[in-house]
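Participant: sharing a model prediction with you, sequence too.
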Amino acid sequence: MPSAGFWQKAFYAIGQGSGSTAVLTSVSFSLFGAMLLYRVQGIMKWGEMVDLSLKGIAGLMPLALLMMLAFAISSLCRTELHTGEYVAALARGILSPALVPFVIFLLSSFIAFSTGTSWGTFAIMMAIALPMARELGADSYLTIAAVMGGGVFGDHCSPISDTTILSSMASASDHIDHVRTQLPYALFAGGVTAVLYLLVGFLAG
């Protein structure tokens, strides 16, 4: 892009970069910067900070393994089993294209609630929902929104979600009490969203 301007080149470079590498680099620099500041102020020693860092990494390992397995399932569904096309073929005779976003939202909510991860749900459901939407002639953008909305909704309600657990830990409240108190608000918003997906699906169809 020799004739492109500075901002065009910058956006092109960002678009061609690796998101995972950028996150790893930024987190590493932030961690080392924080450790250096802590050491300069005499708050902690190097050994203590390394020990805490390793404990934090160990605490995230189950989430990393869950994400790895979710992406593996997604790849298997997309490239080997063609799950989206198969589900679309089964649903063609009984499911209207207008109902696809509504059904996908409910399925994504259930999977996210059961697994406790929104990103894992995205990885699994995108490989199923998009081919299904294309085969049935449903709105692809609305289907993507349904997957993401259902994933976040189910993850927010799930008692085994990392965000739910961290919220109750950070506020020093009983975990089950935290789940019970947030459910009415989340279910109300999710119910309204499901009805809207149903209405918009019929309008778009």
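Facilitator: Yep, it's here.
Participant: where does the protein have low pLDDT?
Facilitator: 1-4, 19, 63, 66-67, 70-71, 73-94, 170, 205 (pLDDT under 70).
Participant: helices of that one, residue ranges please.
Facilitator: 6-16, 19-40, 46-75, 83-91, 100-115, 118-136, 140-157, 162-170, 175-204 (DSSP state H).
Participant: in a markdown table: these, plus mean neighbour count.
Facilitator: Quick note: C-beta positions are derived from backbone N, CA and C, even for glycine. Putting the helices of the chain into a markdown table (neighbours: other C-beta atoms under 10 Å) gives the following:
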| stretch | mean neighbour count |
| --- | --- |
| helix 6-16 | 10 |
| helix 19-40 | 11 |
| helix 46-75 | 12 |
| helix 83-91 | 17 |
| helix 100-115 | 23 |
| helix 118-136 | 23 |
| helix 140-157 | 22 |
| helix 162-170 | 14 |
| helix 175-204 | 14 |
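Participant: against Thr21, how distant is the most centrally placed residue in the chain?
Facilitator: With distances taken as C-alpha atoms, centre = their mean, Trp119 lies nearest the centre of the chain, 2.3 Å away. The gap separating Trp119 from Thr21 is 18 Å, by C-beta to C-beta, to the nearest Å.
Participant: I'd like the distance between Val50 and Gln41.
Facilitator: 17 Å.
Participant: swap that for Ala72, please
Facilitator: Per C-beta to C-beta, Ala72 is found 44 Å from Gln41.
Participant: likewise Ala13?
Facilitator: 37 Å.
Participant: and for Ala129?
Facilitator: Distance, Ala129 to Gln41, by C-beta to C-beta: 50 Å.
Participant: what residues does Ala185 make contact with?
Facilitator: Actually, residue 185 is Tyr. It isn't Ala. With contact set as C-beta atoms under 8 Å, 6 or more residues apart in numbering, Tyr185 has no partners.
Participant: and with 10 Å instead?
Facilitator: His156, Cys157 (C-beta atoms under 10 Å, 6 or more residues apart in numbering).
Participant: could you do the one 10 residues further on as well?
Facilitator: Contacts for Val195 were tallied using C-beta under 10 Å, 6+ apart; they are Phe102.
Participant: check Ala138 too.
Facilitator: By C-beta under 10 Å, 6+ apart, the residues touching Ala138 are 88, 95-101, 103-104, 129-130, 132, 146, 201, 204-205.
Participant: kindly report the same for Pro184.
Facilitator: Here Pro184 is in contact with no residue (C-beta under 10 Å, 6+ apart).
Participant: quick check: closest non-adjacent residue to Gly157.
Facilitator: Slight slip there: residue 157 is Cys, not Gly. Ala186 (5.0 Å; C-beta to C-beta, 6 or more residues apart in numbering).
Participant: whoops, Val103 was the one
Facilitator: For Val103, ignoring the flanking residues on the chain, the nearest one in space by C-beta to C-beta, 6+ apart is Leu95 at 6.8 Å.
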